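Novice: structure for this input, please:
(chains A and B, ligands or ions: 1)
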Amino acid sequence: MTLTAQDMTEIRRDFPILQTTVRGKPLVYFDNAATTQKPRACIDAIKKYYEHENANVHRGVHYLSEIATQHYEDARQLLARFIHAPSPNNIVFTRGTTEAINLIAHGFAEAILQPEDEIIISAMEHHANIIPWQIACQKTGAKLRIVDLHDDTSLNIGHLTSLLSDKTKLIALCYISNTLGNINPIKSVIDLAHIRAIPVLVDAAQSVGHIPTDVQQLDCDFFVFSAHKMYGPTGVGALYATSHWLNKLPPYQGGGDMILRVTFDSATYQQPPHKFEAGTPPIAEVIAWAASIQYLQQLGIEKIQAYEQSLSDELHHQLKLLTFIQLIGTTPTKTSIVSFTHKTAHPHDMATILDDHGIAIRAGHHCTMPLMNYLHVNATARASLCFYNTVEEIETLVRALKMIEALFS
Amino acid sequence: MTPELRALYQEVIIDHGRHPRCFGPMSDATHVLEGYNPLCGDQLKLFLKINHQVIEKAMFEGSGCAISMASASLMAQYLQNQSLDDARKCFKYFHAMVVDKSEPHEKLGKLNILQGVKEYPARVKCATLAWHTLLNALDGKHDIAKTE
Ligand SMILES: Cc1ncc(COP(=O)(O)O)c(C=O)c1O
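Specialist: Numbering: from 1, shown residues only, chains lettered A, B, ... in the order given. From the prediction side, this is the model:
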């Protein structure tokens, strides 16, 4: 089961921005790993909220506040079901993946880490899954260990296994690499880690919305992601954690909403998830995110996955035919994210010239500078596709790349 | 291709980008400074031999996009035997051309070929990297010059 041509016509109408023209040419949006576009359902939900429901949540007994609170908590429930969390209480709303990882890193630095303890990450992590751990290590004297990659850039499980020890306090790993598109064998890693009772954090920023998610089947301890990379608004994301960890970790920020009782000397905190949600949250964004998730559910995440896989196959196939293009990372288990370089044209020159054709890609280090050093490249061009992209758009990219070749050779 | 893009990627720029002039290390440099553009990963190292307030020789090494390499190459060519005063003035003229979008000052000579970059705000940093590095070198700074 995949998306049909009929589905595609409708889907492209559901995303108003796809009708945009850039320098007189139809927009070809291939920068979905940076942020995805929003369906009308999401945009309308924001408008509806501000026009009819705007009020603070958890704070009023008046009509609007009750409606806003209800819709906010409904969104938590929907999200919990979408990733198969046991309860909405396992979902903490954050500003995004970055804040979710910082929340956990802060908690680990406060309550878990001792000097000489170790945190394991991989060589393909986003800065968001590196820097918070560096800070936690600086605070506690713990050490960061980095898992190597094989020549085809796949995760070196043998090396990961060899790093595990009694000192290991956490493994933090991306499900899908935002630079390479690799799908990591996350379930195997979790099983390996749990033999030694080591918790695992999954950076799922690039996976939710593209492949089905079942956090209980994965058996992960932490699972973090951003709304804006799964067709929802910016400024909001979520942390899923097991109840064990949510009870164990200390609050991240203090303020309103996260407390039960406060005196000038002390406070008692709310139960999770509210313990971790200080201050007024991004209410409109959470509610609109729920609208995006419902939109995805209506299409069917399995269908989306199948269609994106066929796009990915076509993209890789087409790029491999271009002798002047080099693909970075050749592992077979990949999504529709591909990094590449040209033999002479720099990625930034490629991006500027592709933009002239209406094609939006990203060029640079993709917030993975250590990975760039590891692979000995300064920068790559990255095309990241999703279910509203088409094979015709891939052909537009290929034509433009051939023009770059003509200009630079 | 739009006229703006054609103006940006002129043959001269692509040629200087691929075959930069004044490229390589310099053993008798009096000033050495590195420049780095964190957004693109463009990096260069500028070598200057300054004697009695005159740049007797300028060379550079590095890697980056066509715009940053061509700009560094054209700048290094321009700097040969320029007084420090003139070099500073030229920085101002160049900056005015690509950032403030003013008409290129006549003193810029063939450096005006880079004026097309003013239509591409995201690429201005590529064109000015070499110039910021130069300014830092003249100001006696020792940190890496950044375009951020
Ligand atoms: C794999 C990965 N992790 C973390 C992040 C950070 O996400 P955000 O900027 O939404 O917090 C990103 C986004 O670029 C990502 O791709």
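Novice: which stretches in the stretch 51-200 of chain A count as helices?
Specialist: Per DSSP state H, counting those that start in this stretch, the stretch 51-200 of chain A has helices spanning A:63-82, A:97-111, A:131-140, A:157-163, A:186-195. These are given in chain order.
Novice: deepest-packed of those, please.
Specialist: Neighbour counts (mean count of other C-beta atoms under 10 Å in any protein chain shown) averaged over each of these peak at helix A:97-111, with a mean of 22. No exception for glycine: its C-beta is placed from N, CA and C like everyone else's.
Novice: can you list the low-confidence ranges for chain B?
Specialist: Low-confidence segments of chain B (pLDDT under 70): B:142-148.
Novice: one more time with 90
Specialist: B:1-2, B:37-42, B:122, B:139-148 (pLDDT under 90).
Novice: so which residues of it form strands?
Specialist: Along chain B, the stretches classed as strands by DSSP state E are B:31-37, B:42-51, B:54-63, B:82-83, B:145-146.
Novice: and A:Gln6, how many residues sit next to it?
Specialist: Neighbourhood size, A:Gln6 [other C-beta atoms under 10 Å in any protein chain shown]: 8.
Novice: re the thing from before, to chain A, which of the strands of chain B lies closest?
Specialist: Comparing those by their distance to chain A (C-beta to the nearest C-beta), the top pick is strand B:54-63, with 6.0 Å.
Novice: list the buried residues of that closest one.
Specialist: Buried residues in strand B:54-63, counting neighbours by 16 or more other C-beta atoms under 10 Å in any protein chain shown, are found at B:54-55, B:57-62.
Novice: quick one: that strand near chain A?
Specialist: Yes: Strand B:54-63 comes into contact with chain A (C-beta under 8 Å from any C-beta of the partner chain), by way of B:Ser63.
Novice: over to stretch B:116-134?
Specialist: Yes: applying C-beta under 8 Å from any C-beta, one finds stretch B:116-134 in contact with chain A at B:120, B:122-123, B:126.
Novice: show the contacting residues for residue 42.
Specialist: Answering for chain A, as no chain was given. A:231-233, A:288-289, A:291-292, A:295 (C-beta atoms under 8 Å, 6 or more residues apart in numbering or on different chains).
Novice: switch to chain B, that's the one I care about
Specialist: A:348, A:378, B:35-36, B:62-65, B:68, B:126, B:129.
Novice: turn these into a markdown table, including distance to B:Pro3.
Specialist: Converted to a markdown table, these look like this (distance: C-beta to C-beta, whole Å):
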| residue | distance to B:Pro3 |
| --- | --- |
| A:His348 | 20 |
| A:Asn378 | 30 |
| B:Gly35 | 30 |
| B:Tyr36 | 32 |
| B:Gly62 | 30 |
| B:Ser63 | 29 |
| B:Gly64 | 25 |
| B:Cys65 | 21 |
| B:Ser68 | 23 |
| B:Cys126 | 20 |
| B:Leu129 | 25 |
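Novice: PyMOL command to pick out the buried ones of the residues you listed?
Specialist: Buried residues among the contacts of B:Asp42 (16+ other C-beta under 10 Å), as a PyMOL selection:
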select buried, (chain A and resi 348+378) or (chain B and resi 35+36+62+64+65+68+126+129)
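Novice: what's the farthest-apart pair in the contacts of B:Asp42?
Specialist: The span of the contacts of B:Asp42, defined through C-beta to C-beta, is set by A:His348 and B:Gly35 at 15.5 Å.
Novice: all helices of chain B, in order?
Specialist: In chain B, the helices defined using DSSP state H lie at B:3-8, B:11-18, B:66-79, B:84-98, B:124-138.
Novice: in a markdown table, list these along with distance to the ligand.
Specialist: As requested, the helices of chain B are exported to a markdown table (distance: least, C-beta to the nearest ligand atom, whole Å):
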| stretch | distance to the ligand |
| --- | --- |
| helix B:3-8 | 28 |
| helix B:11-18 | 29 |
| helix B:66-79 | 25 |
| helix B:84-98 | 30 |
| helix B:124-138 | 21 |
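Novice: okay, these in CSV with distance to A:Glu99 next?
Specialist: Output for those, formatted as CSV (distance: least, C-beta to C-beta, whole Å):
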stretch, distance to A:Glu99
helix B:3-8, 38
helix B:11-18, 40
helix B:66-79, 34
helix B:84-98, 37
helix B:124-138, 28
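Novice: for A:Phe93, which of those helices is the nearest?
Specialist: Per C-beta to C-beta, nearest to A:Phe93 of those: helix B:124-138, 35.7 Å.
Novice: so which elements touch that closest one?
Specialist: Secondary-structure packing of helix B:124-138 (3 or more C-beta pairs under 8 Å, 6 or more residues apart in numbering or on different chains; DSSP states H and E): strand B:31-37, strand B:42-51, helix B:66-79, helix B:84-98, strand B:145-146.
Novice: please redo it, this time with the cut-off set to 10 Å
Specialist: Judged by 3 or more C-beta pairs under 10 Å, 6 or more residues apart in numbering or on different chains; DSSP states H and E, the packing partners of helix B:124-138 are helix A:347-356, strand B:31-37, strand B:42-51, strand B:54-63, helix B:66-79, helix B:84-98, strand B:145-146.
Novice: give me whichever of those is most buried.
Specialist: helix B:66-79 (a mean of 26).
Novice: do that one and chain A meet at all?
Specialist: Yes: judged by C-beta under 10 Å from any C-beta of the partner chain, helix B:66-79 comes into contact with chain A through B:66-69.
Novice: just to revisit the earlier point, in the buried residues of strand B:54-63, find the pair that's most separated.
Specialist: Maximum pairwise distance among those (C-beta to C-beta): 24.0 Å, between B:Val54 and B:Gly62.
Novice: does stretch B:97-107 come close to chain A?
Specialist: No: Stretch B:97-107 lies apart from chain A when judged by C-beta under 10 Å from any C-beta; the minimum separation is 14.6 Å.
Novice: pLDDT weak spots in the stretch 51-200 of chain A?
Specialist: Where the stretch 51-200 of chain A drops to pLDDT under 90, the residues are A:58-61.
Novice: residue contacts, whatever residue of it ends up closest to chain B?
Specialist: Going by C-beta to the nearest C-beta, chain B is nearest to A:His127 of the stretch 51-200 of chain A, at 11.6 Å. Each residue near A:His127 by C-beta atoms under 10 Å, 6 or more residues apart in numbering or on different chains is listed here: A:98, A:134, A:365-371.
Novice: for the closest residue in space to A:Lys169 that isn't next to it in sequence, grab the count of nearby residues.
Specialist: Of all residues not flanking A:Lys169 in the chain, A:Asp117 sits nearest, at 4.7 Å (C-beta to C-beta, 6 or more residues apart in numbering or on different chains). The tally of other residues near A:Asp117 (other C-beta under 10 Å) stands at 19.
Novice: I'd guessed A:Asp117 sits against A:Ile198; true?
Specialist: No: using C-beta atoms under 10 Å, A:Asp117 is not in contact with A:Ile198, being 11.1 Å away.
Novice: shared neighbours, those two?
Specialist: Each of A:166, A:168-170 lies in contact with both A:Asp117 and A:Ile198 under the rule C-beta under 10 Å, 6+ apart.
Novice: A:Glu10: which of the residues you listed is nearest?
Specialist: The closest of those, once distances to A:Glu10 are taken by C-beta to C-beta, is A:Leu170, at 43.3 Å.
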